[in-house]
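Visitor: Quick one, structure for this:
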Amino acid sequence: MKRRFRDFVIAAAFLIQGLDLAWSADREVLRPRVPADQLGAARAITNPLPDTLEIIDKGKTLFNGKAFCRACHGQDGKGLGTDIDPKTIRGALPRNFTDKAWQKTRTDGELIWILQNGSPGTDMAPFIPLILTEEEAWQVLRYVRSFANP
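Guide: A predicted model of the protein is given here:
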């Protein structure tokens, strides 16, 4: 009886530790990148472009080309380009755009803020206006949102 209880306690400890790590990772992924004093204003911004196949296709072309998002986020949007060895990356991995919890939590305004300012705490640099126009960035965001719908 003592052995079964001990095995149960050990299994429960591993389970709790694993859940704690998972929750920690989720909290980090879902943590806003926009500074607190700008978060409300960023969340109020909405994508001015319609959610059409034409806009999404333009975003896809930019994602895979001029904006070179694919290099870090991968062609499938899962957050790691196919030619990148995860062992060579220090710090946070590129965002996984197929993560439904992340998609639901981040607003378009927050994402455009990141494209304008970069993502603090990560290697994500600003893209507007150095690489993309604001309109092109909105097109890319329409495509990024399409990863939530397989």
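
Visitor: ok, the nearest residue to Val29 once chain neighbours are set aside to Gly121 distance?
Guide: Spatially, and ignoring its direct neighbours in sequence, Val29 is nearest to Trp102 (5.7 Å; CB to CB, 6 or more residues apart in numbering). The C-beta positions use only the backbone N, C-alpha and C, and glycine is treated the same way. As judged by CB to CB, to the nearest Å, Trp102 and Gly121 stand 15 Å apart.

Visitor: what about the two, which has more around it?
Guide: Per other CB atoms under 10 Å, whichever of Trp102 and Gly121 has more neighbours is Trp102, with 17 against 11.

Visitor: In which helix or strand does the more buried one reside?
Guide: In this structure, Trp102 sits in helix 100-105 according to DSSP states H and E.

Visitor: so after that helix, what's the next helix or strand?
Guide: Heading C-terminal from helix 100-105 (DSSP H and E), you reach helix 108-117.

Visitor: Tell me which residues are up against that following helix.
Guide: With CB atoms under 8 Å, 6 or more residues apart in numbering as the test, helix 108-117 has contacts from 32-34, 38-39, 41-47, 124, 126-128, 132, 134, 137-138, 140-141, 144-145.

Visitor: tell me the contacts of the residue most central in space within the chain?
Guide: Closest to where the C-alpha atoms of the chain average out (CA atoms, centre = their mean) is Arg95, at 3.2 Å. The neighbours of Arg95, taking CB under 8 Å, 6+ apart as the test, are 29, 73, 79, 102, 124.
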